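In: predicted model, plus sequence, below.
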Amino acid sequence: MDAVARDARALVRMARAAVAGRYRRLPRRSLIAVVAGVIYFLDPFDAIPDFIPLVGFLDDAAVLAWVVSRVRKDLDEFLMWEAGQGPVIDVEPLPTGAGP
């Protein structure tokens, strides 16, 4: 389960970097698959309700595992790219003309 959680966090980082324009190598089909998988994971109305102990999260984990398997090559390339970026601080730029 740790691998699924690690991959899920990486999927979110990859999608954020792609949408923000920092990571431009992600194919559109992969971005769509990632966004759809994350939406399914976050949506409280899914095939098996999350309030059912243990079983409720199995469908979410299965969907994320399926998405990861579909975009594994892209995810691995992103992780290599991310590792090469060094420490990055993700902040919003100040509006033009703003200052102290």
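Out: Structure's in. What do you need? Numbers count the residues shown, from 1 in each chain.
In: for the helix or strand residue 4 falls within, which residues meet the burial criterion?
Out: Using DSSP states H and E, residue 4 sits in helix 2-20. For helix 2-20, a neighbour-count test (16 or more other Cβ atoms under 10 Å) marks 7, 8, 10, 11, 13, 14, 15, 17, 18 as buried. Just so you know, the C-beta spots here come from the backbone N, C-alpha and C atoms, and that holds for glycine as well.
In: how about stretch 32-46?
Out: Judged by neighbour count (16+ other Cβ under 10 Å), stretch 32-46 contains these buried residues: 33, 34, 35, 37, 38, 40, 41.
In: stretch 62-78 now?
Out: The neighbour-count check on stretch 62-78 (16+ other Cβ under 10 Å) flags 63, 64, 67, 68, 71, 74, 75, 77, 78 as buried.
In: pull the residues that contact it.
Out: 4, 7-8, 10-11, 13-14, 17, 23, 25-27, 30, 33-34, 36-37, 40-41 (Cβ atoms under 8 Å, 6 or more residues apart in numbering).
In: distance of the residue nearest in space to the middle of the chain relative to residue 4?
Out: Nearest to the geometric centre of the chain sits residue 12, at 1.9 Å (Cα atoms, centre = their mean). Distance of residue 12 to residue 4, given as Cβ to Cβ, to the nearest Å: 13 Å.
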